[in-house]
Every structure is written in C-alpha cells, then in structure tokens.
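Visitor: need a 3D model of the sequence below.
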Amino acid sequence: MQIGSLRQLTLISFFIALIPLVVLLWQSQSSLSKLAQIAGSEAQFSVSVARQIGDLENIAIDVERLIRQYNVLKKEELNELTQSNIKRMTEHLDAICTELDKDFVCSSLSTRLDWFKKNPDISDSLLLDAQLASFRRSVIELHEEVDTLLDERIQRQKDHVNTIQQRLTWSTGILVTISLLLIIFASQLILSPVEKIEKIIRSIARQDETLPSVSKSGPKELIEVEHKLHWLADRLNQLEHLRQALLRHASHELKTPLASIKEGCSLLSEKVVGPLNTQQKEVVSLLTSSTSRLNLLIEQLLDYNLLLQQAKPVYQKTDTNELVNAVLTDNALAVQQNNNEIKIDIKVLSMVVDPNLYRRILDNLLSNALAHGSIGRPIDIKLYTTQDSVVLDVANRGQKIPEETRKSLFEPFKRGENKRNDRVVGSGLGLSIVADCARMMHGSAEIVDVNYADVCIRVNLPMTEATAQ
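Guide: Alright, predicted model coming up:
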C-alpha cells in the first residue's frame, strides 16, 4: 500500500501505540483512586480510635485518682467529680465499642465502672486496691485489643494494596509490551526509508560513482528527499570538477602572467629601460604592491585548497626546534623589515603531530603576528604542555581584538579591522587555515587574553594525538 505522507504515517503510528498506554493510564488512575479512598478512610478511622482510646486512658487515670482521694478525704465534692468522670468514661467507652463493632473487654470495663458508680464509699482498702487493679487491667486490655484491631485492618489494607499492585504490574507488563511492539513496527516503517536516505548520503560523502536507486514506495516526503539528494550529488560532482579545474589551472594561468608583470615592474623600478619621473615611480610602486598582494592571495588560496584535499593527518615524531627554526627562516625577511624580536620559549622538545599541518599553523600564526603586530615590538612563541594537551601560543603587541569578533576571525574569508603593516589586503584565510589544521588533528584554535601581550592566538592539541616528550 502506498503511504500518503510521512505525517500520516507518524500520526497513525503514534495513536495506535498510545492505545495500550491510555488503557494502562485509565486502569492505574482507577486503582489509585480506590486506594486513595481506602487509605483515607483507614487513616481517619485509626486517628479517631487512637484519639478516643487516649482520652479514655486519661479519664481512667482521673477516675482512679479521684476514687482514692474520696476514700481518704470523704468529701462530697470529690464524689460528685468522681461520678462525673465515670459518666464521661462510660460515654467514651460506648463510642469506642460502637465504632469498633466488637465487644472486646467493653463489658468487663463497663462492669467495673458500674461497680464504682454504685459503691463510692469503700472502707476495705484491700478490696479497693483489687477493684482498681482490675479496672487498670481492663483499660490495658481494651488498649491492646484496639491495637490488635488496627494492626489487622492495616494488614488487610496492605494485602489489598499488594493485590492491586500485582494486578497493575501484570497489566503494565502486557500493555507496555504491546505498545513497544507497535512502536517497533511503526518505527521500522519510518526508519526503512530513512536508512535508504542515510545510504545515499554516505555514498555522496564517499563520492561513489553510482548512488542507491530512488525508492518506489514509502512516504512521499522521503521519496522527494531521495530525488533531491540525487540532484545534489550530481551538482556536487559538477562543482567539484569545476573547482579542481579552476585550481589546476590557477597556478599556470595566473602565476605565469603575474611573474611577467612582476619582472616588468622590477625592470622599471631598477631603471633598466630608462629613468622614471616621480609620477611613473609612484605608478610602478602601486603595480609592485598589487602584484605582491595578488601573489599572496593565490598562494593562500592554493594552500587552503591543498588543506581541503588532505583526508586525514599523518602523524610522526617531529623535532619542535627544527620546525620553529624552519618557519623563522621562511619569514626572516618580514621579521627583519618590521624589526621584531622573536622570543621563543619551547618546553616541548619533540611531539607526535602531522609536521606539514603543524608547520602551516606556525607559519600562518607568525605571518599574522608580523602583519598585525606593532613594528619593533616583540613577538612571543611559546610551546608547552598542560595536563591533557600540547599548547602553542603566538602573541604580539598591538591593537586588541574585540571579544565579539574573535570567533568570526577563524571563519574563511573573514578579515579583521586592523590595518596590516605591509599594506596588503589579506584574503581572510590565514586563521581559517590554522583552525582547520588544528581541527584535523582533533585540536582547537582560539584567541585568549594574556598578561604579557595584547593579542595571543592559542592552539591546543590533545595529548593523545600529540604526545609531548
């Protein structure tokens, strides 16, 4: 059956999978409501009985005390107070016995109260002690019977709760299993075309010559996505061929006439073809600077393309002093022209990195510091280790970089607002190449604040990939 749309499939699957869960929710709510009612009534009953038995025990203590006082003092006021408390105790006893709906020792305690009521004046102390002892035992037995009854009701409540819990557990297991089976079935219907899309994407990433064919059945949105991925793959292939063709001919088609222009400007500036007046010298100077700028842009563009073509880094043990010295040699002329002092602090003698990628990082960072740093001020190159990484800091003095623009400088073709010392408009690829090289070695690049310089670019490489020795 042809499925109309992914939305229909998702909604229908969602509602079907919800049916067992709705049944489970209704059953759980019903059971919990019953349990709440039972628990409420039992709690109210227990509190009421406990309060009544407590009051009864307090009155019993007063009755016993008043009886003894009356038999000693023989005052009528004490007798009246005693009869009043006996009446109160009888009322509480009737309330408890009525609520308990069982006799227990109620008759025995009632008999004792009636005897005290009819015989207020007891001259025999032994008889009085015996009657009061029996009275206390009756009260204690009543308390014990009440506790026993409450324990039995609590146990019955626990048994009832356990029964409901077992029934809910079985129902939950069955209904959740049914719901999971429905979810798995529905998700498989959705994931099958999605997996097909993933295969197409992986084929595009691997640049396979042929892609999996477009599905003939399934949600129309996903089939449309497959068609668009096939179109995108064709478009990417066209663009890749164009990019490779452009960059393949760039060095020859651009550098050859550029070299001729540069040589011509050199001949004119050296007055080989004749003397130049002031205006002609200015024009030659502009041509020379523009030629240098164009040559720099071409080299950075080719370098960036070469970086994009490198699939993964090739790690090997690298001597850090040799690497830094090689970069300093390549930039010796710019260092000499700007009269910068290069302060080197290398605490890592060797490390395992891709030497080509790391040299690009050093070269671009040093070129950036020379181009944007203050002329005649020191440039610091520090290489050290932290707990889990190898850190490279290249710092220069000059105008600080605002916090809000720091991250954007590592994006391709993003240039800072500061003017370069060489008056050449950069391509905006230098720091982007640094970030990409660090990322390929599972590291990162960022602009940080340090106390010894105005601008510091830091490159962190993980110790696992760049083991310092």
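Visitor: C-alpha only now, for contacts and for neighbours.
Guide: Will do.
Visitor: what pLDDT does residue 389 get?
Guide: Model confidence at residue 389, expressed as pLDDT, equals 88.
Visitor: please name the bridge partners of it.
Guide: residue 462 (DSSP bridges).
Visitor: neighbours of it, just the number please.
Guide: 19 (other CA atoms under 10 Å).
Visitor: repeat that for residue 283.
Guide: By other CA under 10 Å, the residues close to residue 283 number 11.
Visitor: now swap in residue 400 and tell me
Guide: Other residues near residue 400 come to 14 when the count uses other CA under 10 Å.
Visitor: correct me if wrong: it contacts residue 455.
Guide: Yes - contact criterion CA atoms under 8 Å: residue 400 and residue 455 qualify, at 5.8 Å.
Visitor: list the residues that contact both of those two?
Guide: With contacts defined as CA atoms under 8 Å, 6 or more residues apart in numbering, no residue is shared by residue 400 and residue 455.
Visitor: any idea of the pLDDT on the residue nearest to residue 407 when sequence neighbours are not counted?
Guide: In space, and not counting its chain neighbours, residue 407 is closest to residue 446: 7.4 Å by CA to CA, 6 or more residues apart in numbering. Among the per-residue scores, residue 446 holds a pLDDT of 90.
Visitor: tell me the helices and strands packed up against whichever strand or helix holds residue 446.
Guide: Here residue 446 sits within strand 444-448, counting by DSSP states H and E. With contacts defined as 3 or more CA pairs under 8 Å, 6 or more residues apart in numbering; DSSP states H and E, strand 444-448 has these neighbours: helix 430-440, strand 455-462.
Visitor: direction included, what does that strand pair up with?
Guide: strand 455-462 (antiparallel).
Visitor: tell me how far the strand it pairs with is from the chain's mean position?
Guide: 26 Å (CA atoms, centre = their mean, to the nearest Å).
Visitor: with stretch 148-165 instead?
Guide: Using CA atoms, centre = their mean, the offset of stretch 148-165 from its chain centre is 45 Å.
Visitor: likewise for stretch 52-60?
Guide: Offset of stretch 52-60 from its chain centre (CA atoms, centre = their mean): 60 Å.
Visitor: got the buried residues for that stretch?
Guide: Using 16 or more other CA atoms under 10 Å as the test for burial, stretch 52-60 gives 52-53, 56-57, 59-60.
Visitor: what's the helix or strand containing residue 43 packed up against?
Guide: Using DSSP H and E, residue 43 maps to helix 6-73. If contacts are counted by 3+ CA pairs under 8 Å, 6+ apart, helix 6-73 sits against helix 76-100, helix 125-206, helix 220-269.
Visitor: give me the distance between the second one and the centre of its chain.
Guide: Distance, stretch centre to chain centre, for helix 125-206: 33 Å (CA atoms, centre = their mean).
Visitor: of the buried residues of stretch 52-60, just say which sits nearest to residue 144.
Guide: Ranked by distance to residue 144 (CA to CA), these are led by residue 53 at 10.3 Å.
Visitor: I'd say the closest one and residue 94 touch.
Guide: No - between residue 53 and residue 94 there is no contact under CA under 8 Å: 11.4 Å.
Visitor: picking that back up, with distance to residue 204, mean neighbour count and mean pLDDT added, can I get the helices and strands packed on strand 444-448 in CSV?
Guide: Compiled in CSV, the helices and strands packed on strand 444-448 are given as follows (distance: least, CA to CA, whole Å; neighbours: other CA atoms under 10 Å; pLDDT from 0 to 100):
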stretch, distance to residue 204, mean neighbour count, mean pLDDT
helix 430-440, 21, 22, 83
strand 455-462, 30, 22, 91
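Visitor: okay, the ones you listed in a markdown table with distance to residue 194 next?
Guide: Formatted as a markdown table, the helices and strands packed on strand 444-448 follow (distance: least, CA to CA, whole Å):
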| stretch | distance to residue 194 |
| --- | --- |
| helix 430-440 | 29 |
| strand 455-462 | 35 |
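Visitor: how about the ones you listed, which one is nearest residue 42?
Guide: Closest to residue 42 of the helices and strands packed on strand 444-448, according to CA to CA: strand 455-462, at 65.0 Å.
Visitor: give me the angle between the closest one and helix 430-440.
Guide: Following axes from the mean of the first three to the mean of the last three CA atoms, to 10 degrees, one obtains 20 degrees for the angle between strand 455-462 and helix 430-440.
Visitor: residues contacting strand 455-462, please?
Guide: 365, 388-401, 438, 441-450.
Visitor: what about stretch 68-81, how long is it end to end?
Guide: 12 Å (CA to CA, to the nearest Å).
Visitor: what comes into contact with it?
Guide: 66-67, 120-123.
Visitor: apply 10 Å and report the result again.
Guide: 62-63, 66-67, 82-87, 117, 120-125, 128-129, 132 (CA atoms under 10 Å, 6 or more residues apart in numbering).
Visitor: buried subset of the residues you listed, written for PyMOL?
Guide: Typed into PyMOL, the line below selects the buried ones among these, using 16+ other CA under 10 Å:
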select buried, resi 62+63+66+67+82+83+85+86+117+120+121+128+132
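Visitor: for residue 261, give me its contacts.
Guide: So residue 261 contacts 255, 267, 287-288, 291 (CA under 10 Å, 6+ apart).
Visitor: which one of these sits closest to residue 338?
Guide: For the contacts of residue 261, the nearest to residue 338 is residue 288 (19.0 Å; CA to CA).
Visitor: residues near the closest one, how many?
Guide: 19.
Visitor: confirm residue 351 sits in a strand?
Guide: Yes - Residue 351 forms part of a strand when assessed by DSSP: H, G, I helix; E, B strand; the rest coil.
Visitor: please name the bridge partners of it.
Guide: residue 318, residue 468.
Visitor: would you agree it is in contact with residue 316?
Guide: Yes - at 8.0 Å, residue 351 counts as touching residue 316 under the criterion of CA atoms under 10 Å.
Visitor: so between those two, which is more surrounded?
Guide: residue 351 (20 against 12).
Visitor: surely residue 449 and residue 406 touch.
Guide: No - at 11.2 Å, residue 449 does not count as touching residue 406 under the criterion of CA under 10 Å.
Visitor: any idea of the pLDDT on residue 357?
Guide: Here, the pLDDT recorded for residue 357 equals 86.
Visitor: what's the neighbour count on it?
Guide: 22.
Visitor: what sits against the nearest residue to residue 175 once chain neighbours are set aside?
Guide: Distances taken as CA to CA, 6+ apart place residue 20 nearest to residue 175, at 5.2 Å, with adjacent residues excluded. Contact analysis of residue 20 by CA under 10 Å, 6+ apart lists 26, 171-172, 174-180, 182.
Visitor: for PyMOL, what selects the buried ones among these?
Guide: This is the PyMOL syntax for the buried subset of those, where burial follows 16+ other CA under 10 Å:
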select buried, resi 171+172+175+176+178+179+182
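Visitor: enumerate every residue touching residue 23.
Guide: When contacts are counted by CA under 10 Å, 6+ apart, residue 23 touches 29, 171-172, 175.
Visitor: separation between it and residue 354?
Guide: For residue 23 relative to residue 354 (CA to CA), the value is 62 Å.
Visitor: again with residue 202
Guide: According to CA to CA, residue 202 stands 27 Å off from residue 354.
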